[in-house]
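Asks: I would like the atomic coordinates for the input below:
(chains A and B)
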Amino acid sequence: MKIASWNINSVRARLDIVERFLTEMAPDILCLQETKAENGSFPVKAFHELGYDHVILNGQKMHHGVAIVSKVPVTEERREDWQANGEARHIGVRLPNGWRLDNVYIPAGGDIPDREQNPKFGQKLDFIGRMTDWSSTLEEPTILVGDFNIAPFETDVWGHKQLLDVVSHTPIEVETLSRLREAHDWVDLGRHFIPEPERLYTWWSYRAADWRASDKGRRLDHMWASPAVAAKAIGHQIHKDCRDWGKPSDHIPIVTEFAM
DNA sequence: ATGGCTGGTAGAACCAGA
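Replies: Next up is the predicted model:
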């Protein structure tokens, strides 16, 4: 069972490369973030035609939006509002074997890493706080994936010192994410399979003249699993080539394979 | 070089992303 996660930065603008990814990599399930489509304008038919018969949506107009498309039967479990403001940032499903799969788009948090000067930063930390409460009572085997918008380790960013005051790598964010991880003893599958000190990125800015040459990346996208689920993980890949496909997303897809 | 880009939506020298 291969499960993929990808911040697609508009599913409609990038339908061609999503189709290519599903055709070439053939994951059983793909979790999308930043779909930027209301549920009624999500291109459901294109996914059905590729065999992804199960399409579970939590979208909204313009911004945010998450989706789970699956070849195997999944049933919608719940959609959480961890920011308590109505934004579409989570969708959770039940897999055929009983595991939960939760797909989340954690807020970016704005530019200034200060609650007082920038309310979005506080909302980001509070969002993760509510996820931590959820995690601490979670007893079911679960896979948690998505764009976490935090690169926790020094080798998860191109320059640790340069990014200490940049939202996504500030010490308070790293500490907040660490508490989330501890709340369920989540296993960080990316670093389980590709340990430090190897550098590991999933996002490169659109603004670089040559993203590959400058390589100023960050590991913002993650797959975490309950310990019992992580024990069934048998492989993990990041698909860096997708950063060059057509009009690309600034994020790349990540995939974990599980023995089920 | 904290923006050199991008998409959605309106129909803005806009907003948000990170």
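Asks: now stretch A:153-172: average pLDDT?
Replies: Mean per-residue pLDDT for stretch A:153-172: 97.
Asks: is DNA strand B within reach of it?
Replies: Yes - applying C-beta under 7 Å from any atom of the strand, one finds stretch A:153-172 touching DNA strand B at A:Q162, A:L163, A:V166, A:V167, A:S168. (C-beta placed from N, C-alpha, C; glycine too.)
Asks: of these, grab the buried ones for PyMOL.
Replies: Buried residues among the residues of stretch A:153-172 next to DNA strand B (16 or more other C-beta atoms under 10 Å), as a PyMOL selection:
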select buried, chain A and resi 163+167+168
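Asks: and the two most separated of the residues of stretch A:153-172 next to DNA strand B?
Replies: Greatest spacing in the residues of stretch A:153-172 next to DNA strand B, by C-beta to C-beta: A:Q162 and A:V167 (13.3 Å).
Asks: can you give me phi and psi for A:V104?
Replies: phi -130, psi 150 (degrees, to the nearest 10).
Asks: so what's it up against?
Replies: Shown in contact with A:V104 (C-beta atoms under 8 Å, 6 or more residues apart in numbering): A:Q33, A:V66, A:W82, A:R89, A:H90, A:M131, A:L144, A:V145, A:G146, A:D147, A:F148.
Asks: kindly identify which of the residues you listed also come near DNA strand B.
Replies: A:D147.
Asks: dump the residue contacts of the nearest residue in space to A:T202 that is not next to it in sequence.
Replies: Spatial nearest neighbour of A:T202, excluding adjacent residues (C-beta to C-beta, 6 or more residues apart in numbering): A:D221 at 3.9 Å. The contact partners of A:D221, taken as C-beta under 8 Å, 6+ apart, are A:S5, A:W6, A:N7, A:G146, A:D147, A:F148, A:T202, A:W203, A:H251, A:I252, A:I254.
Asks: what does the model give A:D221 for pLDDT?
Replies: Reported pLDDT for A:D221: 98.
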